[in-house]
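In: I would like the atomic coordinates for the input below:
(one chain, ligands or ions: 2)
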Amino acid sequence: MRFLGDYHTHSPFSHGKSPISESILCAEKRGLKEIAVTDHGFSHSLYAVKREDIPVMRAQTTQYVGDVKVFLGIEANLMSYDGDIDIRLDEINNLDLLIVGYHRFVSGGFLRFSLPNLLSVYTHIGKKKRAVRNTEALVKAIERYPIDIISHPAADFPVDITEVAKACAHFGTYLELNRKRMLSDDDVMKVLDTEAMFIASSDAHSADKVGDFAVAESLIRRLDIPYERVANLEKLPVFRGGRIRRA
Ligand SMILES: [Zn+2]
Ligand SMILES: [Zn+2]
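Out: Ligands and ions are numbered 1, 2, ... in the order given. A predicted model of the protein is given here:
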């Protein structure tokens, strides 16, 4: 089972430990054809990448000379029930890839949006209602922005995965098989009942984890997920945003 690209990795510009150059070399060693550096969006309370660092990161990704194609993206934060995210369209257009995920600690959206979801980690009371509102929020974001990947879907964020997957299928957004925060078996099977596609990612925070797809691989085998349903398995993904162009 061969994955050709890893499109969700972090660098010291947000929460990663290894310099971008090291992550790229690890991707090269593991035989990947492509890697994307996707640090945490501007509103993350603890590990946000800074707007002024984006050009510095771009320069670092273009310094590498070798066979791996290197892309610069971001893992933006879902910020509200209206589907707001913490990056503007003009900024998205200057990046190669847009990941969006729900993270608990975001400045500007914590009290109204994150806190109710934080409670759902500890209690099931009101979880169904939250799932309805969360689903609406995510679907609105998918409609409003050219999102390429939803990171760790449903992690700490109850949703109706079938409705999210239908929106993803319609717009061409991939649902992530995340190394650390995997979908439940039940949710994977629900996604398979739609037309949505998965993409496997390491979400590496250090170079040694770049291209580590062991968790996705065992899940794909165990649940017998057809290879054609995983966008970076034995092939290169075509991203919705179309900002990655291959010669
Ligand atoms: Zn994340
Ligand atoms: Zn991440």
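In: ok, longest strand in the protein?
Out: strand 69-77 (DSSP state E).
In: and after that one, which helix or strand comes next?
Out: helix 89-92 (DSSP states H and E).
In: Return the backbone torsion pair for Val65.
Out: Note on Val65: its backbone torsions stand at phi -120, psi 120 [degrees, to the nearest 10].
In: and what of Phe198?
Out: phi -100, psi 160.
In: Alongside ligand 2, which residues does this protein contribute?
Out: Along the chain, the residues adjacent to ligand 2 under the rule CB under 5 Å from the ion are 75, 203. Backbone N, C-alpha and C define where each C-beta goes, glycine included.
In: can you rerun that using 8 Å?
Out: 8-10, 15, 38, 40, 75, 99, 101, 151-152, 178, 203, 205 (CB under 8 Å from the ion).
In: On the three-state scheme, Leu115 is what?
Out: The assignment at Leu115 comes out as helix when based on DSSP: H, G, I helix; E, B strand; the rest coil.
In: coming back round to it: most neighbours among the residues of the chain next to ligand 2, which one is it?
Out: Thr38 (32 neighbours; other CB atoms under 10 Å).
In: Bridge partners for that residue, pull those for me.
Out: Judged by DSSP bridges, the bridge partners of Thr38 are Gly73.
In: So it sits against His10, correct?
Out: Yes: contact criterion CB atoms under 8 Å: Thr38 and His10 qualify, at 7.1 Å.
In: Which residues are in contact with each of these two?
Out: Glu75 (CB atoms under 8 Å, 6 or more residues apart in numbering).
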